[in-house]
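Chemist: 3D, please:
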Amino acid sequence: QVQLVESGGGLVQTGDSLRLSCVASGRTSRSYVMGWFRQIPGKEREFVAAISWSGKSIDYADSVKGRFAISRDNAKNTVYLQMNSLKPEDTAVYYCAASPKGVVFTTRGAYDSWGQGTQVTVSS
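Modeler: Okay, here's the model as predicted:
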């Protein structure tokens with residue numbers, strides 16, 4: 001497993017942008033797939049985006065396609081989530097996750113390391 005620390009959340013208005021960052025430490029020599037999930041109180045944690053080690057394989061939830069972009073800098077052990085055109089329904093705690101599996105998965109069970117989460121609030 002790796003240790004993950006997210007940052008970059010905050011309070012913004014509809015239409016604004018935010019960039020979340022997630023720094024990994026520990027067993028970073030492995031080729032982890034990195035993902036972002038989000039959760040609001042009383043609901044299941046849902047998939048947002050994921051990226052393979054090489055960056056060649058990327059997947060997004062339909063709700064964020066065209067607005068969010070995931071990227072990674074392996075030299076810095078960091079994955080990013082650029083969020084544009086934010087909407088109130090994007091309000092949630094955003095979690096970074098790492099999967100030791102070699103392919104991008106959208107399911108929570110494929111990820112074995114999680115960060116503590118960062119709050120994103122979009123006001124209308």
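Chemist: Count the neighbours of Asp112 for me.
Modeler: Neighbour count of Asp112, defined by other CB atoms under 10 Å: 13. Just so you know, the C-beta spots here come from the backbone N, C-alpha and C atoms, and that holds for glycine as well.
Chemist: pLDDT weak spots in the chain?
Modeler: Along the chain, segments meeting pLDDT under 70 span 29.
Chemist: in it, which residue is closest to the centre?
Modeler: The residue lying closest to the centre of the chain (CA atoms, centre = their mean) is Trp36, at 2.1 Å.
Chemist: Quickly list what Leu20 is bridged to.
Modeler: Under the criterion DSSP bridges, Leu20 forms beta bridges with Leu81.
Chemist: what sits against Val79?
Modeler: Applying CB atoms under 8 Å, 6 or more residues apart in numbering to Val79 gives the contacts 21-22, 24, 34, 36, 51, 70-73, 96.
Chemist: Now which of the residues you listed would you call buried?
Modeler: With burial judged by 16 or more other CB atoms under 10 Å, the buried subset of these is 21-22, 24, 34, 36, 51, 70, 72, 96.
Chemist: from these, which is closest to Gly117?
Modeler: Distance to Gly117 across those (CB to CB) is lowest for Cys96, with 8.3 Å.
Chemist: Secondary structure element holding the closest one?
Modeler: Element membership for Cys96 (DSSP states H and E) is strand 92-99.
Chemist: before we move on, back to that, now the residue nearest to the centre of the chain, nearest residue through space, not along the chain?
Modeler: Of all residues beyond its chain neighbours, the one nearest Trp36 is Val48 (4.3 Å), with distances taken as CB to CB, 6 or more residues apart in numbering.
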